[in-house]
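Participant: Return atomic coordinates for the entry below.
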Amino acid sequence: MQDQTNQKAAKFVIIVEDDKFYGNIYKTKLAKAKFEAVVAGNGEEAIEMARKRKPDLILLDLVMPIKDGFQTLKELKADSNLKDVKVVVLSNLSQQEDVKKAKELGASDYLVKTNMSIKEVMDKIQKYLA
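Facilitator: Next up, the predicted model:
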């Protein structure tokens with residue numbers, strides 16, 4: 001076995017996004033920034049992934065099939081092993097009620113896709129993973 005004592009494990013991010021195009025963009029950008037990232041196509045898949053391997057951060061869309069982001073966030077925060085994982089909501093929902101609800105459910109941040117460039121989103125993610 002290789003000695004990995006001075007090699008820090010890459011931070012692990014789960015991108016929860018049903019739009020494959022967006023999911024792949026963030027996965028590629030995170031890989032370039034030396035983070036390990038996987039894409040979950042819905043909330044149920046994301047929770048399964050997080051239970052198998054606890055992420056350092058979850059990038060969470062709200063409008064998704066099977067289990068939406070609000071329900072996913074609620075379940076993550078109710079799980080004693082996952083409740084401290086940082087969750088950054090990345091959604092096109094920009095109503096103040098949605099932002100308030102996500103924050104109340106435990107989101108660390110709320111980013112509106114249409115108001116931010118991919119670079120701005122990546123800067124925020126890197127700040128949370130630092």
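
Participant: Going by C-alpha atoms from here, please, whenever you check contacts or count neighbours.
Facilitator: OK.

Participant: Could you list the low-pLDDT ranges of the chain?
Facilitator: Of all residues in the chain, those with pLDDT under 70 make up the ranges 1-8.

Participant: Could you check how far the residue nearest to the spatial centre of the chain is from Tyr128?
Facilitator: Geometric centre of the chain, nearest residue: Leu59, 1.7 Å, by C-alpha atoms, centre = their mean. Computed with C-alpha to C-alpha, to the nearest Å, the distance linking Leu59 and Tyr128 is 11 Å.

Participant: Any idea what the residue nearest to the centre of the chain is bridged to?
Facilitator: The residues listed as beta-bridge partners of Leu59 by DSSP bridges are Ile15, Val88.

Participant: My guess is it contacts Leu73. True?
Facilitator: No - here Leu59 lies out of contact with Leu73, judged by C-alpha atoms under 8 Å, at a distance of 10.6 Å.

Participant: check contacts around the residue nearest to the centre of the chain.
Facilitator: When contacts are counted by C-alpha atoms under 8 Å, 6 or more residues apart in numbering, Leu59 is found next to Val13, Ile14, Ile15, Val16, Val87, Val88, Val89, Leu90.

Participant: which of these tops the neighbour count?
Facilitator: Compared across the contacts of Leu59, Val16 has the highest neighbour count, 29 neighbours, by other C-alpha atoms under 10 Å.

Participant: contacting residues around that one?
Facilitator: With contacts taken as C-alpha under 8 Å, 6+ apart, Val16 has the following neighbours: Gly23, Val39, Ala40, Gly41, Asn42, Gly43, Ala46, Ile58, Leu59, Leu60, Asp61.

Participant: which one of those sits closest to Asp68?
Facilitator: Comparing those against Asp68 with C-alpha to C-alpha picks out Gly43 as the nearest, at 6.0 Å.

Participant: now that closest one: how far from Pro65?
Facilitator: Looking at Gly43 against Pro65, where the rule is C-alpha to C-alpha, the gap reads 8 Å.

Participant: who's more crowded, the two?
Facilitator: More neighbours surround Gly43 than the other of Gly43 and Pro65, with 28 against 13 (other C-alpha under 10 Å).

Participant: residues shared between the contacts of Leu59 and Leu73?
Facilitator: Overlap between the contact sets of Leu59 and Leu73, as judged by C-alpha under 8 Å, 6+ apart, is given by Val87.

Participant: Many thanks, I have nothing further to ask.
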